[in-house]
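In: sequence and predicted structure, then a few things I'm wondering about:
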Amino acid sequence: MSQDAFERALIRDAATGEWLRFQEPVTVWVAHSPVEAVDAVEQAEHAIRSGLWIAGFVSYEAASGWDDALTTQPPGKQPVAVFASFGDPDIVPPPLFPRTAEPVRSSVGISRDEFNDSIARIREAIRQGDTYQVNYTYPIRSPWPGDPYDLFRQLLNAQAATYGAYLDLGHLAVCSASPELFFRRDGDLLRSRPMKGTLPRADAPEAGAPKRLTGSEKDRAENLMIVDMVRNDLSRVCDPGTVRVHN
């Protein structure tokens, strides 16, 4: 496991709404394989128990380190996990939308035929009962001539995200803006707040938008599916009978 740069981290504490800035890491762990990713997480947990703060990420390509049944694409040039330990963070003002916003021009990394073929195979797998959900993704490349931090601030402004994190790794920046809580641990309590169901952005201000979502058979089915999936995942690491669903 190699060392690497970790310049700073900016993370929103959803419990308080405060933005926390971490600088000058004590230790940095960089993993380039699933096995190293598991070790990095264990080292980070040890640092937390010693009173330090942790910031970092784990990529999808690290999944097989915890479960051989989870197959992914082989790891690329970028690390599959990076964590850093820090002392107490500084509380800073919220990131503001940049005065001059660069447009993002993206290019999709697959053809229309490849996309259609993938969707057809996913639908067939669902019909055969081999799976009930697929998070289908494909690469999108977007040249960015400006500061990655400006991109992060644009994402926050566009999505009004409750959960946000910016990791400056020197050669690599992670910009995360999400409305979902993956999980939060408070002692022996784990909380997860998944989200499914969408409307066109133009419909969001409508007073009837929430009713349209709750009355939609499709969106309610998506919500039931994702809640059931999270409940199943948590049941694998929690004591039997301790996982509960709250409306």
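Out: Done, it's in. Residues are numbered from 1 along each chain as shown.

In: how about low-confidence regions in the protein?
Out: 1-4, 99-104, 199-208, 247 (pLDDT under 70).

In: show me where it has its helices.
Out: 34-49, 112-127, 148-159, 209-214, 217-235 (DSSP state H).

In: with mean neighbour count and distance to residue 195 added, can I get those helices in TSV?
Out: Where you see a C-beta, it was placed from the backbone N, CA and C, and this is true even at glycine. What follows is these, written out as TSV (neighbours: other C-beta atoms under 10 Å; distance: least, C-beta to C-beta, whole Å):
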stretch	mean neighbour count	distance to residue 195
helix 34-49	17	25
helix 112-127	11	21
helix 148-159	17	12
helix 209-214	13	11
helix 217-235	14	8
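
In: identify whichever of those helices lies nearest to residue 87.
Out: Residue 87 sits nearest to helix 34-49 of all the helices of the chain, at 10.9 Å, using C-beta to C-beta.

In: which residues touch stretch 235-244?
Out: Contact with stretch 235-244 is made by 190, 231, 234, as judged by C-beta atoms under 8 Å, 6 or more residues apart in numbering.

In: can I assume the second one is in contact with residue 225?
Out: No - the pair formed by residue 231 and residue 225 falls short of the contact definition of C-beta atoms under 8 Å, at 10.8 Å.

In: show me what contacts the nearest residue to residue 160 once chain neighbours are set aside?
Out: Distances taken as C-beta to C-beta, 6 or more residues apart in numbering place residue 179 nearest to residue 160, at 7.8 Å, with adjacent residues excluded. By C-beta under 8 Å, 6+ apart, the contact set of residue 179 is 159, 160, 161, 162, 163, 195.

In: could I get the helices of the chain as TSV with distance to residue 79?
Out: What follows is the helices of the chain, written out as TSV (distance: least, C-beta to C-beta, whole Å):
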stretch	distance to residue 79
helix 34-49	9
helix 112-127	27
helix 148-159	17
helix 209-214	38
helix 217-235	24
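
In: which among those helices is found nearest to residue 81?
Out: helix 34-49 (3.9 Å).

In: elements contacting that closest one?
Out: strand 27-31, strand 53-58, strand 81-86 (3 or more C-beta pairs under 8 Å, 6 or more residues apart in numbering; DSSP states H and E).

In: what's the most buried one of these?
Out: Across those, the average number of neighbours (mean count of other C-beta atoms under 10 Å) peaks for strand 81-86, which reaches a mean of 24.

In: that one pairs with which strands, parallel or anti?
Out: strand 27-31 (antiparallel), strand 53-58 (antiparallel) (DSSP bridges).

In: can you redo the ones you listed as a markdown table with distance to residue 215?
Out: Output for the strands paired with strand 81-86, formatted as a markdown table (distance: least, C-beta to C-beta, whole Å):
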| stretch | distance to residue 215 |
| --- | --- |
| strand 27-31 | 45 |
| strand 53-58 | 37 |
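
In: these: which one's closest to residue 131?
Out: Nearest to residue 131 among those is strand 53-58 (22.4 Å), distances taken as C-beta to C-beta.

In: understood, closing this out.
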